[in-house]
Structures are given as C-alpha cells and as structure tokens.
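Chemist: Let's see this in three dimensions:
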Amino acid sequence: MTSLMDRIGGLRADTKTLIDRIRAVSQTCDLPPLPEAVEGIVEKLDQHQYSVPVIGEVKHGKSSFLNAVVGKSLLPVGEKVATNQIFRIGKAGAFACRLRFEDGSEEPITEKDLETFGSEVYANSPRARAAARGKLLRWIEIDVPAEAAKFLPDNIVLFDTPGLGSIHVAHGRITRRLLPYADGVIFVLTSERPITEDEIAWLQEIFDITRNVFFIQTGIDKGTKLYKETLSRNREILVQRFGENLPEPQIWPVSSTNLMKATETSDMSYLQVSRFDALSEALQIFLFRSAGVEKLDEATTMIAAQLHQGREILDTRLRSLLNETRQEQATIQRQIEDKRRAFDQNWGIQGEERTRLLADLRQTLQRGRRQFEQALYPSGSVARVIGREIDQIDSVKAARIFAESLNTNILEWAEIEWRKAGRDTQTACTARLAPLLADISDFAAGLEEPGGASISRTATVSARGDLWTRIVGGRVASIQAVMTTGVGATLLGTIITAAWFPPLSLSAVAATAVWSFFRSFRETGERELKNAREELRRHLMEALNEVRDHFLHVSAGEPSPVDRCFGGLETHVFKQVDDLIQSKSSQMKEEVERLEADARLDKAARETRLASLRDQIREWGGLIESGDALIAAITGLIEDLTPRKAAL
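Modeler: Now for the predicted structure:
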C-alpha cells in the first residue's frame, strides 16, 4: 500500500508535470503564457522544505531531543549552561558551523565554539561582540552530514530556541522572532509533570500567531506509568484550555535517550522503544497539512485559472470559424474588441479604476510607513513590550543582565515591527488588487451568441469549494475571501513578491551598553530594584529616540531609510500594475487580429484551420481532465490526513 508520504511526493511531481504540459501546449496553441509567478511556485514545490522551531520551558529536554535527532551531542545541555541563542540545524553535504547575522553575512566557527557562542554566560562577552562587529546575530547555523543525521528528515530545518520560563525575559523575545515565519512549531512537554500555567500562557501567545503546533512529550523512559498519566493529564488540560484550537490534541511521546542509543549502536530496537518512528511520520503529515498543502493549492489555483482562460479562448476561435457569414464573425470580433476597450477605459492610463487603484495603493503604503513609525514612539508597541519586560524584572542582578542587551533588544523588536508592517501592508495591497486581477483573468465572460446563450462551453477544473478552509481549519488569508477568481493570488506574485519586504539595516545602530551604575547596587532591596527599573526605562526612551532618528531622519534633503524603502516599493508595485494592464490589453488586441485573419481564410484553409483547432481543443481537454484528476487526488489525500492518535 502506498504510504501517505509517497502520495504527497507523487502529487508534487504530478503538479510540476502538469504545469510543464500546460506551458508547452499554451505555446503550441498560441495562448497567453502562464504567469511569471509560476516559476516561484515550481521552486516552492522543488524545495519542499519546512522551518520548525522547537519551543519549551527550560530543562524540558529540547536540546537533548535535537541532539538525538541529529545523532550527535552538539547543542548545550545541562545545568551549567543555558542556551541564549537560536540554533538552526539542517542537513548538508559536510559538517559546518557559522554565525549568521541579520544582514546575511556569516562568520565560520568551530564545533567547540557552539556552547561558547550559544551560552548565557558568553552572549555579551568581548569575543562575541568582536565576532559580530556591531551586527545583530540572527542565529547559529549547524550543517549536519546526512549520513550522521539519519533521523533528521531531509526536508525539515529545526531551530533550537532558548528555554522559556528562565529569569531572562529576552529568551521569550528571541523565540517570538521565529514564530511568524515557521511552517509549524514543535512544543516540548515533559513527563515529569503536567502543563503549567506559564506554558498555558505561552501557548496562548503562540496560538495568536499560528495554529500549527505539534506537541511532543520527552522523558518517557523514566517510568511508563508516570509518562502515561502525565500524557493523559496534558491532553485533558489542552482540551479544557484550548478546545477551540485543539479539539483533539495529539501529543507524541518520545525517548531521546533511546533515540541516541539507536544512532550510537545502530540497534533499531532502540528506535522502536524511543517511539520516534511514529512521531517522525506524524510530524511530516502535520507539516504537509500546515504548510505543504498551501504550495499545492497555490499551484492548482493557477492551473485552474489557466485552463479556464485557455478553453474560453479556444471556444471563441472555434465559434468564429464555424460561423458561415462575415456578419456573424464580425460580431464576435466586435464583442472581443468592446471588452478590450472597456478594459482600457477602466484600467488604461486615464482609466478611473486604475487611477483609484493607484491612489489606494499609495495610501496603503503610507499607512504601512506610519504603522512602523508609530511603533517606535514612546507610546508605541516597542516601548510597551519592553516596558512590560522591565516590569517583570525581580532582582538587581536580573536588571543588570537585562541592561547588557537592552539596545539589541530594542533593535530586534524594531525588526519584528518592521516585518509586521510589511505583512499588514502586503495583505492590504493584495485585497485592493483583487478587482484588477479578476478582470485580467477574465477573457470571454459576457460574450454571447445572438440568441443570448454564453459562447463558453467550458468543462474546466473542478471548483475549489471550501477545500482550503477544510485543510487548515480556517487559517485563510482575507484576500482569499475577497477574490472571486483563483488566479488572483498567483498573479499577485508577479506584482509584489520580488520586492516584498526589504530588510532595514538594523546593524547600523546595533551598539550595546553595559552600565556601571548597576554595580553599585546591592543584589537585594526594593528601593534598589525600583531605581534600577526606572533607570532602564529612562535608557529605553533615549535609545528608542536614537533608533527612531536613524530610521526616520531626513538629512540634507535626502529621504530617510524608511521613506526610501516605501518609495521604492511604490515604484515597483506601480510598474508591475502597469505591465499587467498593458499585457492584458495587448493579448486581447492580438486575439481580435487573429480572429480577423481567420475570417479571411478561403474554404480549404478554413477546413485545415478547423481541424487543427479541434485537435488543440482535444489536447486542452486532456489537460483539463488531468487537472480534475489532480484536484480529486489532492482532496482525497487531505481527507486521509486526519490527525493520528499517539498510542499510550
């Protein structure tokens, strides 16, 4: 019996094959080409890679689990060292380690440096600062050879995150940076006790960002009765507290100790005892449901739109050739020409729809700029969130540690707000582009035969229905409800994917500060703690002013970095809109000219042309059948991907 993973791989291959066939037949039939965005879709299908952060409280076995998965003790564990950075772990041809900075640059390090650069003690040392050279560290990368990491799936990149619940509030902030960009989250629970209120609070925050959470429970080798009781209790708590998000929560037990023994001894009986096999397959299925389906859905949406438009055009050409009178042929040509003129009138240089669209897009981009600017003001989100972190500091010692990374903390939150402004602006632009994209995808709607019947006899790819909603449980972007045709999301890639959303140079102001006045404070005392908090807030405002000035300051008539960015985005988006409008108008004009040429054919030439056109329609019909079969196969697969319960 073919496994679910084999079926998933087969569907990806079938989708790429169908795209290639459509591309080739479109060229042969002289039909509009596939949107440029199809290249990006094919690339996504080829990559088939998922980014998965592993999150959990301190000492819950996150790093031990990851060490077991990669088959080597690479990540710092134990009481003496607390992980302070993100570790990115993926398969590669050879072992390598490096520091990756936010500007994309890297600094090679050795395996011995992993604990040093990733530890709490070392994070703000002179050596770490020298390596960074004033730049922000994104994460520490570890490339693991495939032959060593036999249990790490080829298509999954794992991220070890600093433990939650430690006295260092920055750990949570570091972890939050990954959540908006994760394809799924592994949340680690322990067999030693049920979920705590702190973990509940963190899960609530995670669910506000993503519903794609995969639970594992470590330490099952420490006692069968204990882990089973804890597992049962954890499920009860998740249902009670998150029933809406997790109606049937699945928690996958695993023994990191036995998984590591399976690597060290090559004795697969340890693998069976570790329960990792079941977990690994469940994780792959979970990630496909969470993120992989989106790639297939994007591809099949584009396929459906292309097949629908192609069949409409071929139907129109056939009808024109079948009409015996010149008047009937001229009627079809006139209808197409009228549609082109109406399109140009709405979307041309002076078109009302185009003028209104560009004005709305400009306002949307301006709102995005203001959103980021407001986040950096004293009353903005960056000050509020760091202010809450300051309020949680419970000792002068913790305040001193917090002070050492405050400037970097501000910059990292500024980066988060920058990316949030980018996502919000993109969503708003996408929704506003829906009418244009719908008109571009529509060719023959509204063309009628003399008797009033539609000329299109399209039997096209099955309707998508609510497939996407059923797949991801309501995790649907607003644009998908706005657009009336599937081609919208695909064409959108042509407009803004290439430029969205450029990073700001955070490293330019990434100075750090260690304040000597803290050294004069005693380790305890409410007054000293209150003074330390006040001093932190004062420096927060001063540093925030410097960051805001860097990003927003206009000097010598030159625009600020943020203004340059949004100005460049406006230029790019407007150009892509104009290119799409011009391309659509040209395609319709060429179609009118083609119909006029067909009308001038003599009887013999017309018969030859009819035979050729019928062959094209049959070939296109075969593509439509393949598209229907592909959609049916994807739908069937999704129905089979119901969450599997972990055996107790």
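Chemist: Only the buried residues of stretch 323-343, if you could.
Modeler: 323, 329, 330, 331, 332, 333, 335, 336, 337, 339, 340, 343 (16 or more other Cβ atoms under 10 Å). For every residue, glycine as well, the C-beta is placed using N, CA and C.
Chemist: From these, which land in helices?
Modeler: For these, the ones inside helices are 329, 330, 331, 332, 333, 335, 336, 337, 339, 340, 343, with DSSP state H as the criterion.
Chemist: Cross-check the contact I'm expecting between residue 614 and residue 317.
Modeler: No. Contact criterion Cβ atoms under 8 Å: residue 614 and residue 317 do not qualify, at 10.6 Å.
Chemist: who's more crowded, those two?
Modeler: Shown here are residue 614 and residue 317; by other Cβ atoms under 10 Å, residue 317 has more neighbours (22 against 13).
Chemist: How much space separates residue 236 from residue 225?
Modeler: Residue 236 is 17 Å from residue 225, where distance means Cβ to Cβ, to the nearest Å.
Chemist: higher neighbour count, these two?
Modeler: Taking neighbours as other Cβ under 10 Å, residue 236 and residue 225 compare with residue 236 leading, 13 against 7.
Chemist: what kind of secondary structure is the closest residue to residue 239 other than its chain neighbours in?
Modeler: Closest residue in space to residue 239, ignoring its immediate chain neighbours: residue 249 at 6.3 Å, by Cβ to Cβ, 6 or more residues apart in numbering. Per DSSP: H, G, I helix; E, B strand; the rest coil, the local secondary structure of residue 249 is coil.
Chemist: The closest residue to residue 154 other than its chain neighbours: neighbour count?
Modeler: Nearest in space to residue 154, with sequence neighbours left out and distances taken as Cβ to Cβ, 6+ apart, is residue 91 at 5.7 Å. Neighbours of residue 91 under the rule other Cβ under 10 Å: 18.
Chemist: quick check: mean pLDDT across the helix or strand hosting residue 389?
Modeler: Taking DSSP states H and E as the criterion, residue 389 maps to helix 381-391. In this model, helix 381-391 has a mean pLDDT of 88.
Chemist: before we move on, what about stretch 413-431?
Modeler: For stretch 413-431, the per-residue pLDDT averages 82.
Chemist: From the chain's centroid, how far away is that stretch?
Modeler: Taking Cα atoms, centre = their mean, to the nearest Å, the mean C-alpha location of stretch 413-431 is offset from the chain mean by 13 Å.
Chemist: Same check on stretch 382-392?
Modeler: That offset, for stretch 382-392, works out to 28 Å (Cα atoms, centre = their mean).
Chemist: Ok, stretch 43-59 next?
Modeler: With Cα atoms, centre = their mean, you get 11 Å for stretch 43-59.
Chemist: And for stretch 150-166?
Modeler: Averaging C-alpha positions (Cα atoms, centre = their mean) puts stretch 150-166 18 Å from its chain's average.
Chemist: ok, now stretch 317-331?
Modeler: That offset, for stretch 317-331, works out to 49 Å (Cα atoms, centre = their mean).
Chemist: go on, stretch 240-247?
Modeler: A distance of 24 Å separates the centroid of the chain from that of stretch 240-247, by Cα atoms, centre = their mean.
Chemist: buried ones in it?
Modeler: Those buried within stretch 240-247 under the rule 16+ other Cβ under 10 Å are 241, 242, 246.
Chemist: which other residues reach that stretch?
Modeler: 200, 203, 204, 207, 211, 213, 238, 239, 249 (Cβ atoms under 8 Å, 6 or more residues apart in numbering).
Chemist: Now name the helix or strand holding the first one.
Modeler: Translated: residue 200. helix 197-209.
Chemist: can you check residue 587 too?
Modeler: helix 561-599.
Chemist: For that helix, buried residues please.
Modeler: So helix 561-599, judged by 16+ other Cβ under 10 Å, has buried residues 562, 565-566, 569-570, 573, 576-577, 580-581, 584-585, 587-588, 591-592, 594-595, 598-599.
Chemist: what does stretch 13-33 give?
Modeler: Under the neighbour-count criterion of 16+ other Cβ under 10 Å, stretch 13-33 has 14, 15, 18, 19, 21, 22, 25, 26, 29, 31, 32 buried.
Chemist: just stretch 217-228 next, same as before
Modeler: Residues of stretch 217-228 classed as buried: 217, 218, 219, 220, 221, 227 (neighbour count, 16+ other Cβ under 10 Å).
Chemist: sorry, back to before: generate CSV for the buried residues of stretch 13-33, with secondary structure and pLDDT as supplementary columns.
Modeler: Listed next are those as CSV, based on DSSP: H, G, I helix; E, B strand; the rest coil; pLDDT from 0 to 100:
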residue, secondary structure, pLDDT
14, helix, 92
15, helix, 90
18, helix, 93
19, helix, 91
21, helix, 94
22, helix, 93
25, helix, 95
26, helix, 93
29, coil, 93
31, coil, 90
32, coil, 86
